[in-house]
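J.: Below is the sequence, then the predicted model.
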Amino acid sequence: MTKGTKGLRKGLTSYGDAGFSLFLRTAFIKAMGFSDDALDRPIVGITDTFSDYNPCHGNVPDLIESVKRGVMLAGGLPMVFPTISIGESFAHPTSMFLRNLMSMDTEEMMRAQPMDSVVVIGGCDKTLPAQVMAAASMDLPTIVVQTGPMVVGHHKGEVLGACTDCRRLWGQHRAGNIDEAEIKTISGRLAPSVGTCMVMGTASTMACVVEALGMALPNSAAAPATHADRRRIAEMSGKRAAEMAVSGVPTPAELITEASVRNAMIVLQAIGGSTNGLIHLTAMAGRAGVHVDTEAFDKLGREIPVLLNLKPSGQHYMEHFHYAGGLPALMRELKPYLDLNAPSVSGGTLGDAIEAAETVPNQNVIYSFAAPLKQEGAMAILRGNLAPDGAVIKHSAASPSLLTHTGRAVVFDSVEDLTRRIDLPDLDVNEDDILVLRNAGPKGGPGMPEAGYLPIPLKLARQGVKDMVRISDARMSGTAFGTIVLHIAPEASVGGPLAVVQTGDRIMLDVPARRLELLIDEAELQRRLKIWETQPPHREMAKRGYAKLYEQSVLQADQGCDFDFLLRDGGETSKA
């Protein structure tokens, strides 16, 4: 890259006179008090994703100051710019609906404004994948700073973690075991600090996946949001970003490769990661032109055990993972399976990060490969006549007794139908039935809400039932526990077989065999699908704005739910 395309000279505003464009840009930025010396430095952009609606990003102002310090220590000029911020529990209809919009916003601001490298700061579930998707599309030297997990909470002598324990305790409240006063008290103790969920939910999963891809500094995934370590990571990231602004490398295209994506798939299985992580990894890799093969992912799941003893698959929390040596220490157990030559944004390789990993004696957070927490990985890919393009189950967080199960379908046609009927005292349901939710996929939701964690019907919850087989075309939070089949593709709203399941049908789940079958003959299935095709649309389509763009362009879960027009080179990808 020539000097003429560095710093303030990058991407000049079009006035028909390049000299005037640079003069005007310089004149106006000097209104902010910048000196000529400052403006002659390499520029590092820093995304500001703070929002009062996003407590997961509550430490972003502190992280920005730390990143800026690192940039200036290395001789660069830090420039902070805002982008969309998505807070999981404050986004209607769902944060997933807005992920692709955030990726577009971030990409276009990186393109529109002069910067030689960029530090993206994200944490809450959909922000990290959105930023990496943007970086892969822009291919500007980028380093990710994760906001980090919150610290643990406490209630009546019990350690609490959002949001695995919030779901467990809310279930007890629904069953009548926790009263209104106590559940209100608990709501003030579940999330005792800013930061992301401190269990292996989607935010923690993506923090680990991004580090495994080489897009964040080694040992950056698990440090708590409120700890000094997190600010030191931010400072080191700023320093490294300034170095990248001068050298121009590495770019996301050099980091997100078939090898690094396979490394990330291995880590996703070994950490007991969120099912959302597979969708996001597919989307991030797709922007870099790498195809995620779900069959290969499933095969890895049979070979790679769960090694991380964190909720919801285990017992501990992210801060304990940090104290145990973090992701490099866990990856040390996976060395024979990993591509150790995969480069890192740090300037070294994955192998270098593992060699530098801390060894913590007597810890019980990271298990050995020889004696794992679970014999298989976090997730399995299911197929069958009910999921021709696949479905996913996080069997590391399921009830072993339900992993092979046949039951009667109890069908809910939408999230609204589920909300209306699930707690009715006369609902025809028993604990051996299979709860089915449809029209909650990428298009049908819209936005594929985290409604796949169907609540146990109230009358069964009060009888002590804690788990049932539940299937849907929706997603669920990575913090959730249960025997739950998700991401059924194609989804019901585009005519997938899920659309024609009837209450009373028999469904077979066989996770060891990776099967999900509607137990009717093929002729009857095709007859129902033909009838469905003649029916009018089941819901009104959006007429304008982003919602219309979303519904016209979003892909299915097995394709990462990205927009078709955002894929690299029109969707041409290599396989990982």
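T.: On my side now, so go ahead.
J.: For the stretch 401-550 of the chain, which segments are assigned as helices?
T.: Per DSSP state H, counting those that start in this stretch, the stretch 401-550 of the chain carries helices over the ranges 415-421, 458-461, 522-534, 545-553.
J.: Can you list the buried residues in the longest one?
T.: Which is helix 522-534. L525, R528 (16 or more other C-beta atoms under 10 Å). For the C-beta atoms, the positions are set from N, CA and C on the backbone; glycine is no exception.
J.: Surely E211 is in a helix?
T.: Yes - membership of E211 in a helix is supported by DSSP: H, G, I helix; E, B strand; the rest coil.
J.: Look up how far A440 lies from M96.
T.: Applying C-beta to C-beta, to the nearest Å, the value for M96 to A440 is 11 Å.
J.: what is in contact with the two at once?
T.: Taking C-beta atoms under 8 Å, 6 or more residues apart in numbering as the criterion, M96 and A440 both touch M448, P449.
J.: Between these two, which is the more surrounded one?
T.: Applying other C-beta atoms under 10 Å to M96 and A440 shows that A440 carries more neighbours, namely 31 against 28.
J.: Can you read off the pLDDT for T2?
T.: With respect to pLDDT, T2 has a value of 41.
J.: Repeat that for F481.
T.: 88.
J.: ok, it touching R168?
T.: Yes - using C-beta atoms under 8 Å, F481 makes contact with R168 at a distance of 7.5 Å.
J.: higher neighbour count, these two?
T.: Set F481 next to R168 and count neighbours by other C-beta under 10 Å: F481 wins out with 21 against 18.
J.: Torsion angles phi and psi at the more buried one?
T.: F481 adopts backbone torsions of phi -120, psi 140, taken as degrees, to the nearest 10.
J.: Quick check: closest non-adjacent residue to it.
T.: Excluding the flanking residues, the one nearest F481 by C-beta to C-beta, 6 or more residues apart in numbering is P312, at 4.3 Å.
J.: again with N430
T.: Excluding the flanking residues, the one nearest N430 by C-beta to C-beta, 6+ apart is L460, at 7.4 Å.
J.: wait, the one you found sits on V429?
T.: Yes - L460 is within contact range of V429, at 6.8 Å (criterion: C-beta under 8 Å).
J.: more neighbours, those two?
T.: Applying other C-beta under 10 Å to L460 and V429 shows that V429 carries more neighbours, namely 21 against 18.
J.: And that one, how far from A241?
T.: The value you get for V429 to A241, if C-beta to C-beta is used, is 54 Å.
J.: swap in A440?
T.: A440 is 40 Å from A241, by C-beta to C-beta.
J.: show me the contacts for the closest residue in space to A253 that isn't next to it in sequence.
T.: The shortest distance from A253 to any non-neighbouring residue, by C-beta to C-beta, 6+ apart, is to D139 (5.1 Å). Residues in contact with D139 (C-beta under 8 Å, 6+ apart) are T251, P252, A253.
J.: got a winner among those for most neighbours?
T.: Busiest of the contacts of D139 [other C-beta under 10 Å] is P252, holding 25 neighbours.
J.: Can you name the residues that contact that residue?
T.: V132, A135, A136, M138, D139, L140, T142, M215, A288.
J.: Show me what the lengthiest strand in the chain packs onto, helices and strands only.
T.: When the chain is parsed with DSSP state E, its longest strand is strand 404-412. On a contact count with 3 or more C-beta pairs under 8 Å, 6 or more residues apart in numbering; DSSP states H and E, strand 404-412 meets strand 434-437, strand 506-510.
J.: With S35 as the reference, name the closest of the ones you listed.
T.: strand 434-437 (59.5 Å; C-beta to C-beta).
J.: so where is the stretch 401-550 of the chain shaky, pLDDT-wise?
T.: Low-confidence segments of the stretch 401-550 of the chain (pLDDT under 70): 537-538.
J.: just to revisit the earlier point, can you give me the distance of the residue nearest to N430 to P425?
T.: 11 Å.
J.: Next: S247.
T.: In terms of C-beta to C-beta, S247 sits 67 Å off from P425.
J.: Could you check which of these two has the larger neighbour count?
T.: Per other C-beta under 10 Å, whichever of S247 and P425 has more neighbours is S247, with 13 against 8.
J.: what sits against the nearest residue to L518 once chain neighbours are set aside?
T.: Excluding the flanking residues, the one nearest L518 by C-beta to C-beta, 6+ apart is L386, at 4.6 Å. Contact analysis of L386 by C-beta under 8 Å, 6+ apart lists I471, I488, P497, L498, V501, I507, L516, E517, L518.
J.: Name the member of those residues with the most neighbours.
T.: Of the contacts of L386, with other C-beta under 10 Å as the count, I488 tops at 33 neighbours.
J.: those helices in the stretch 201-350 of the chain, which residues are they?
T.: Under DSSP H, counting those that start in this stretch, the stretch 201-350 of the chain gives helices at 202-213, 228-247, 252-255, 258-270, 276-287, 294-303, 318-323, 326-332, 350-355.
J.: So which of these is the most surrounded?
T.: Of all the helices of the stretch 201-350 of the chain, helix 202-213 has the most neighbours on average by mean count of other C-beta atoms under 10 Å, namely a mean of 30.
J.: which strands and helices sit next to that one?
T.: Helix 202-213 packs on helix 127-138, strand 142-146, helix 258-270, helix 276-287, helix 326-332, going by 3+ C-beta pairs under 8 Å, 6+ apart.
J.: TSV for these, including mean pLDDT and distance to M109?
T.: What follows is these, written out as TSV (pLDDT from 0 to 100; distance: least, C-beta to C-beta, whole Å):
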stretch	mean pLDDT	distance to M109
helix 127-138	98	9
strand 142-146	98	13
helix 258-270	98	25
helix 276-287	97	16
helix 326-332	98	29
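J.: Out of those, which gets nearest to R568?
T.: Per C-beta to C-beta, nearest to R568 of the helices and strands packed on helix 202-213: helix 276-287, 5.6 Å.
J.: Show me what that closest one is packed against.
T.: Using 3+ C-beta pairs under 8 Å, 6+ apart, helix 276-287 is in contact with helix 127-138, helix 202-213, helix 258-270.
J.: how close does D229 sit to E235?
T.: In terms of C-beta to C-beta, D229 sits 11 Å off from E235.
J.: Correction: the previous question concerned S35.
T.: The value you get for S35 to E235, if C-beta to C-beta is used, is 23 Å.
J.: pLDDT score assigned to H155?
T.: H155 is given a pLDDT of 95.
J.: Bridge partners for it, pull those for me.
T.: E158 (DSSP bridges).
J.: Please shift the residue numbers so they start at 787 in all later answers.
T.: Sure thing, new numbering starts at 787, so read that last one as H941.
J.: which non-adjacent residue is nearest Q932?
T.: Counting by C-beta to C-beta, 6+ apart, A993 is the residue found nearest to Q932 once chain neighbours are left out, at 4.3 Å.
J.: just checking, that neighbour touches G909?
T.: Yes - under the criterion of C-beta under 8 Å, A993 makes contact with G909 at 7.2 Å.
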